[in-house]
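# Could you look at this predicted model? Sequence included:
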Amino acid sequence: MPSQQQPGEHPEGIPFDEVSWLPSAHARKAFLPEADEHARRIIDTVVAVWPSASGLEIPLGTVATVALLPHADPGAPEAARLIASLRPAQLVTTMRHMWTHLWFRHPFLVERAGLLHLWLDSVSDQTAAEVTELVHLLFRDGLLELGADPDRRLATDLLGRLMQRLRGRESKSARGAFHTPDVIVDFGADMLNAGAPGDQQIGEPAAGSGNMWRAQAAHLRWQGKDPAAREWVGVEIDPLSAAVLAANSLLWGLGDGVLIACADTLTRDSGLAQAREERDRAIARRNTLAEHPTNN
Ligand SMILES: C[S@@+](CC[C@H](N)C(=O)[O-])C[C@H]1O[C@@H](n2cnc3c(N)ncnc32)[C@H](O)[C@@H]1O
């Protein structure tokens with residue numbers, strides 16, 4: 001349906017002037033709290049807007065999308081007011097485009113993160129409005145600035161902590177999905193000296209949202225090494241956790257040497273052979289589309 005553009009209105013949504021509630025990118029960055037407090041503030045915001053444990057993939061996917069926007073487009077923090085001026089349906093389309101854009105760069109991880117973004121293909125008007133409200137609050141809380149800063153996004157497992165808060169402790173203990181506290185995994189990465197020469201593969205048999213990987217990647221960066229030069233192999237039985245692990249792999253810049261199986265580690269090959277095939281197929285599809293874009 002064609003949009004009902006009002007005289008003086010920006011063709012993409014409401015006029016920019018009406019987004020004056022959002023501080024400039026410069027001001028948002030200048031007033032960021034330290035990383036742990038920043039993550040806590042973002043999580044509190046999401047939990048306040050989305051208190052129920054139903055449809056977790058929507059708030060988690062919204063946070064993942066906003067955090068990854070600077071990865072897809074480094075100019076995203078400066079464009080926040082423009083994005084915030086979009087109507088809900090336009091914003092949802094923009095969010096979908098971001099995942100398509102990332103798919104061309106990291107097809108396997110975007111497909112593995114599917115639970116966090118496939119809902120964007122069929123969003124009701126009410127959900128689009130709720131997602132828009134949440135995106136505005138996340139912009140105000142500086143999530144774009146977190147996503148644009150490699151040290152800040154590696155400082156804590158924001159998505160994992162959010163998943164834990166949204167799920168609530170009781171249901172989580174039943175499924176064994178406890179997030180390992182940052183202080184323990186950061187200390188563990190240091191003790192194990194992640195990134196020792198010859199240590200090319202970093203495995204995780206019960207990966208959760210990947211807080212161990214985060215600590216190891218942060219340790220590698222601290223040593224001046226590139227986490228994307230390693231192979232990261234993880235198995236996670238819970239589909240939502242596996243999707244968060246994939247989104248985190250994108251956010252933390254782990255590169256394309258990431259293999260994530262959504263499977264039971266205790267089975268014969270832990271689902272890794274199937275995950276490898278899925279990764280090969282995703283890359284082949286991307287290559288075909290990149291070579292013959294008009295066939296699409
Ligand atoms: C302690 S948590 C994850 C710890 C992780 N280091 C973190 O901090 O994010 C354990 C994870 O193992 C997963 N898990 C439990 N049994 C599993 C199995 N048999 N195969 C694969 N994953 C399993 C759970 O779903 C949960 O996400």
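The structure has been received and is ready for your questions.
# Got the phi and psi for Arg161?
Phi and psi for Arg161, reported as degrees, to the nearest 10, are phi -70, psi -40.
# what about the residue of the chain found nearest the ligand, is that helix, strand or coil?
Going by CB to the nearest ligand atom, the ligand is nearest to Gly208 of the chain, at 2.6 Å. Where C-beta positions appear, they are placed from N, C-alpha and C, glycine not excepted. Assigned with DSSP: H, G, I helix; E, B strand; the rest coil, Gly208 falls in the coil class.
# average pLDDT across the strand or helix carrying Ile83?
Take DSSP states H and E as the rule and Ile83 turns out to sit in helix 80-84. Across helix 80-84, pLDDT averages out at 96.
# So what touches that helix?
12, 16, 19, 22, 24-25, 28, 69, 76, 91, 94, 135-136, 139, 144 (CB atoms under 8 Å, 6 or more residues apart in numbering).
# Which ones among those also lie next to the ligand?
Of the residues in those, proximity to the ligand by CB under 6 Å from any ligand atom holds for none.
# Highest neighbour count among these?
For the contacts of helix 80-84, the largest neighbour count, defined by other CB atoms under 10 Å, is 27 neighbours, found at Leu69.
# If we ignore the residues flanking it in sequence, what's nearest His38?
Residue nearest to His38 in three dimensions, not counting chain neighbours: Leu32, with 5.8 Å by CB to CB, 6 or more residues apart in numbering.
# now swap in Cys262 and tell me
Closest to Cys262 by CB to CB, 6+ apart is Ala242, at 4.0 Å.
# Next, count neighbours for the one you found.
26.
# Tell me the helix or strand right after the helix holding Ile83.
Downstream of helix 80-84 (by DSSP H and E), the next one is helix 88-105.
# Flag every buried residue along that following helix.
Going by neighbour count (16 or more other CB atoms under 10 Å), the buried part of helix 88-105 is Pro88, Ala89, Gln90, Leu91, Val92, Thr94, Met95, Arg96, Met98, Trp99, Leu102, Trp103.
# With stretch 64-83 instead?
64-72, 76-77, 80-83.
# and of those residues, the nearest to Gln200?
Distance to Gln200, by CB to CB, is smallest for His71 among the buried residues of stretch 64-83, at 24.1 Å.
# contacting residues for that closest one?
Leu102, Gly147, Leu250, Leu251.
# just the buried members of those residues?
Leu102, Gly147, Leu250, Leu251.
# show me what contacts the second one?
Each residue near Gly147 by CB under 8 Å, 6+ apart is listed here: Val66, Ala67, Leu68, Leu69, Pro70, His71, Ala76, Arg153, Leu251.
# Columns pLDDT on top of those, output as JSON lines?
Output for these, formatted as JSON lines (pLDDT from 0 to 100):
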{"residue": "Val66", "pLDDT": "98"}
{"residue": "Ala67", "pLDDT": "98"}
{"residue": "Leu68", "pLDDT": "98"}
{"residue": "Leu69", "pLDDT": "98"}
{"residue": "Pro70", "pLDDT": "98"}
{"residue": "His71", "pLDDT": "96"}
{"residue": "Ala76", "pLDDT": "97"}
{"residue": "Arg153", "pLDDT": "96"}
{"residue": "Leu251", "pLDDT": "98"}
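# Sitting in helices, which of those do you find?
Using DSSP state H, Val66, Ala67, Leu68, Leu69, Pro70, His71, Arg153, Leu251 are the members of these that sit in helices.
# Need the per-residue pLDDT for the residue nearest to Cys262.
For Ala242, the predicted pLDDT is 98.
# Equivalent analysis for Asp199, please.
For Asp199, pLDDT reads 68.
# center of this protein - which residue?
Ala64 (3.1 Å; CA atoms, centre = their mean).
# how far does the helix or strand where it lies sit from the chain's center?
Assessed by DSSP H and E, Ala64 sits inside helix 57-72. Helix 57-72 has its C-alpha centroid displaced from the chain centroid by 5 Å (CA atoms, centre = their mean, to the nearest Å).
# Give me the angle between that helix and helix 88-105.
60 degrees (axes from the mean of the first three to the mean of the last three CA atoms, to 10 degrees).
# mind saving the C-alpha coords of helix 57-72 as CSV?
Coordinates of each C-alpha in helix 57-72 appear next as CSV, following Å, rounded to 0.1, in the frame of the first residue of the first chain:
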residue,chain,number,x,y,z
GLU,A,57,13.5,-14.3,19.8
ILE,A,58,11.9,-10.9,19.1
PRO,A,59,13.6,-8.8,21.9
LEU,A,60,16.8,-10.9,21.5
GLY,A,61,16.7,-10.5,17.7
THR,A,62,16.0,-6.7,18.0
VAL,A,63,19.0,-6.2,20.3
ALA,A,64,21.2,-8.4,18.1
THR,A,65,20.1,-6.4,15.0
VAL,A,66,20.8,-3.0,16.6
ALA,A,67,24.2,-4.2,17.9
LEU,A,68,25.2,-5.5,14.5
LEU,A,69,24.0,-2.5,12.5
PRO,A,70,27.5,-0.8,12.7
HIS,A,71,29.0,-4.1,11.5
ALA,A,72,26.8,-4.0,8.4
